[in-house]
Structure formats: structure tokens, C-alpha cells
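K.L.:
kindly return the folded structure for what I paste below:
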Amino acid sequence: MTSLVRAPLRDQIRRVLLDGLVSGRWQPGERIVERRIAAELEVSQAPVREALRELESLRLIESTPNKGARVRAFTEADLREVYQVRAGLEETAAALALPSVDPEALAGHVTRLHEAARGGDTAGQVEHGVAFHREIVRSSGNRVLREVWESLGVEVWTHLSVRLFRVELHENAADHEPIVEAFRRRDPATPRMLRDHVLGHAAPLPPA
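P.N.:
Predicted coordinates for the structure are as follows:
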């Protein structure tokens, strides 16, 4: 593993740890050794500790006194709760963004979703699907809403839903095209449509 040389270190370390969770390097219940990560990345333990605290705030790991950090044993209920909160945020974002969002920017993300689907690129589908939703959140113009949405760790939870629960990805072009058309029409039903779309990510989980 290459050393990290550019600031901010905490953000880079956080990305390394997130990549490890997504790739399955660390399985649920497995310990993440702070000292070992610091040695691998050739950094002090302080920024590693900060990055681990951020992941704990995302409910991705849990820390126990004198035992260190472990990957949480994720449940379907965890996934459902994240998507319920995300759905509410995106419904609000869509209502705020309806007059100003650029439908062509959304259509561009859908095009890249098509390309990822044709190539069987699951990671690409997640990346471009999340970018589609991020465009709507950004277009809301509400900084607080965007920060809360980002704090959910949407990309990580989407990857984990696929890897751990084998949830079928709804991040595909066909699911997003009606939303693009609704934004083009400035359809007042768009926020509810987006909310239902996000809740569909949790299928086939039973409704809460």
C-alpha cells in the first residue's frame, strides 16, 4: 500500500478505510487495528483515530474501551433506516430543486449508468447512480440538507447493501429515466416519485 503524502490526511485515511469496508477487506465483527493501519500508510495514529471516529458516526464501525474498533454487524434494519432517512431528505431536495435543476445534467448521469450496465460494472452503477442523486441534492441550494445527506455515507451503504445482503441494485438507467422526464416537466409529483424510488433501494426488505 502506498504512503499518503497530501493533506488532509484524515480524509485520505477515511477513504482507504471505506474502500476496505466496501471491498470486504474487513468483514463484520472484524477488528480494525489502528496501529497497523498507521504503519501501512506511514502516518501517525492520530489521523487514523480521527478517521475511525468519523466512520463510527456513520454507524459503520463500533468502538469498545480497551478493545478498539470493529466493523459493525450490519442488519437489514440498519439498511432500511438509512434509506428511510435518505428518502425524506431527497424528497425535500427535489421539491427545492424542481425549478432550477438541470435535466440535461441528470440525463448525463443516466447515460453513464447505461454504459456501466452494459459493461457489467457494478461499482460504476453505484458511482453514477449516487452522482445522479447528488446532483439533485446539490441543486436544492440547501447547504444543511446537502451536508446531512452526505453524512449518511450513501455510496458506502449502497455498496454494502449489494455485497452483504445481495440486494438487487436499483441504481440503473431504467429506474432513473422517469425522474429525469419528471424534472423536465417540472412535475409537482417529482418529489414523491424520487422518495418512492429511493425507498425501492431497500427492496426486497419488508416495509417498516
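K.L.:
longest helix anywhere in the protein?
P.N.:
Of all segments of type helix in the chain, defined using DSSP state H, the longest is helix 76-97.
K.L.:
averaged pLDDT, that helix. What do you get?
P.N.:
Per-residue pLDDT values over helix 76-97 give a mean of 94.
K.L.:
continuing past the host helix or strand of residue 40, what's the next helix or strand?
P.N.:
Using DSSP states H and E, residue 40 sits in helix 34-41. Downstream of helix 34-41, the first helix or strand assigned by DSSP H and E is helix 45-57.
K.L.:
so that next one versus helix 34-41, what angle?
P.N.:
120 degrees (axes from the mean of the first three to the mean of the last three CA atoms, to 10 degrees).
K.L.:
and the next element down the chain from the lowest-mean-pLDDT helix or strand in the chain?
P.N.:
Ranking every helix and strand in the chain by mean pLDDT, DSSP states H and E puts helix 154-165 at the bottom, with a mean of 77. Downstream of helix 154-165, the next assigned helix or strand under DSSP H and E is helix 173-185.
K.L.:
got the buried residues for that following helix?
P.N.:
Under the neighbour-count criterion of 16 or more other CB atoms under 10 Å, helix 173-185 has 173, 175, 176, 179, 180, 182, 183 buried. C-beta: built from backbone N, CA, C; applies to glycine.
K.L.:
tell me what that helix is packed against?
P.N.:
When contacts are defined as 3 or more CB pairs under 8 Å, 6 or more residues apart in numbering; DSSP states H and E, helix 173-185 sits against helix 103-118, helix 190-199.
K.L.:
let me have the ones you listed in a markdown table, extended by mean neighbour count and mean pLDDT.
P.N.:
Output for the helices and strands packed on helix 173-185, formatted as a markdown table (neighbours: other CB atoms under 10 Å; pLDDT from 0 to 100):
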| stretch | mean neighbour count | mean pLDDT |
| --- | --- | --- |
| helix 103-118 | 17 | 92 |
| helix 190-199 | 19 | 95 |
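K.L.:
can you put those helices in JSON lines and add distance to residue 140?
P.N.:
Putting the helices and strands packed on helix 173-185 into JSON lines (distance: least, CB to CB, whole Å) gives the following:
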{"stretch": "helix 103-118", "distance to residue 140": "13"}
{"stretch": "helix 190-199", "distance to residue 140": "11"}
